[in-house]
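**Student:** mind folding the following:
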Amino acid sequence: MLEAKNHHGQYGVYHSVPGLKEFIHTYKSMPFIELWKEYHAFLSGTFGRLCTPLLPGNERKQIFSVFNHYEAEPIEDFVMLYTLCNGNDADHWIEDIEREGAAYAHIGGNPLMNWDEIVREVNFAGRNIKGRYPVQSIPAGYVKNNEMLSNKIPFQHDGGGNFIAIDLDPDTKGQYGQVVEVDHEYDERVVLASSLKEYIIILYYFVKELGVIDNGEGYEGDKALSFYIMRTEKAAD
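**Tutor:** Numbers count the residues shown, from 1 in each chain. Predicted structure coming up:
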């Protein structure tokens, strides 16, 4: 199986992040399973019962199905993630927000999608569907002009048609398995990390070092996580 290669992170899309590069370097050699368990333990220890539970995992053969759909090589870290869990319990997340005013799930505070949601979006997205309108890759040359989730595997959404997804068909400067922000209203396609593993490290950095995480009703820290991401052509790798 193909695992996304580790190279320098997409630091150019982030600003006001002292120590991010060093934080990524510290964790980049850690096996994904150990990284995920440490990250989960940190969230659980920090937010206690308001840390949204993870659902029981899937069989590996189930996870291969989305890669087979795209005729793409499986990414081992993604396969590992969804054998460890089946995303966050989104109902529990909503209930805590309504009852307690806050909840903290695993993708920057928002829920990791469950497998049924992912399969539904992948089947709807289609393979090699060219975008109806030009997209702006940030940084330039990383993301192809494919329609929304075509050739991508989403793992987080905001409920309004916007996703964070793994890109299985990058442009010439991009990397197989890079993590991309996909917005249905805007033409920007921001590369948030070179791999799923790097993205989890970056989320870990924000909550551990800066105290930044969404809470369902707002955010913790000085600014929302979205504040730290540049969505203009000035972003560079």
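**Student:** for the longest helix that the chain contains, packing partners?
**Tutor:** In terms of residue count, the longest helix belonging to the chain (DSSP state H) is helix 32-47. On a contact count with 3 or more CB pairs under 8 Å, 6 or more residues apart in numbering; DSSP states H and E, helix 32-47 meets helix 76-84, helix 196-209. Any C-beta I mention is one placed from the backbone N, CA and C, and that applies to glycine too.
**Student:** what about the following helix or strand past that helix, distance to the chain center?
**Tutor:** Next in sequence after helix 32-47, counting helices and strands by DSSP states H and E, comes strand 54-56. Counting by CA atoms, centre = their mean, to the nearest Å, strand 54-56 is centred 17 Å from the centre of its parent chain.
**Student:** ditto for stretch 115-129
**Tutor:** Using CA atoms, centre = their mean, the offset of stretch 115-129 from its chain centre is 16 Å.
**Student:** distance of the spatially most central residue of the chain from E95?
**Tutor:** Centrality entry for the chain: nearest residue to the mean C-alpha point is I164, 5.0 Å, by CA atoms, centre = their mean. As judged by CB to CB, to the nearest Å, I164 and E95 stand 23 Å apart.
**Student:** check K28 too.
**Tutor:** K28 is 36 Å from E95, by CB to CB.
**Student:** which non-adjacent residue is nearest I201?
**Tutor:** The shortest distance from I201 to any non-neighbouring residue, by CB to CB, 6 or more residues apart in numbering, is to Y27 (4.7 Å).
**Student:** ditto for A72
**Tutor:** In space, A72 is closest to L168, 4.5 Å off (CB to CB, 6+ apart).
**Student:** residue boundaries of the strands in the protein?
**Tutor:** For the chain, the strands defined by DSSP state E occupy 54-56, 85-88, 136-138, 152-157, 163-167, 178-182, 188-193, 213-214, 219-220.
**Student:** could these go into JSON lines alongside mean pLDDT?
**Tutor:** Shown next, in JSON lines, are the strands of the chain (pLDDT from 0 to 100):
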{"stretch": "strand 54-56", "mean pLDDT": "98"}
{"stretch": "strand 85-88", "mean pLDDT": "98"}
{"stretch": "strand 136-138", "mean pLDDT": "93"}
{"stretch": "strand 152-157", "mean pLDDT": "96"}
{"stretch": "strand 163-167", "mean pLDDT": "97"}
{"stretch": "strand 178-182", "mean pLDDT": "96"}
{"stretch": "strand 188-193", "mean pLDDT": "94"}
{"stretch": "strand 213-214", "mean pLDDT": "98"}
{"stretch": "strand 219-220", "mean pLDDT": "96"}
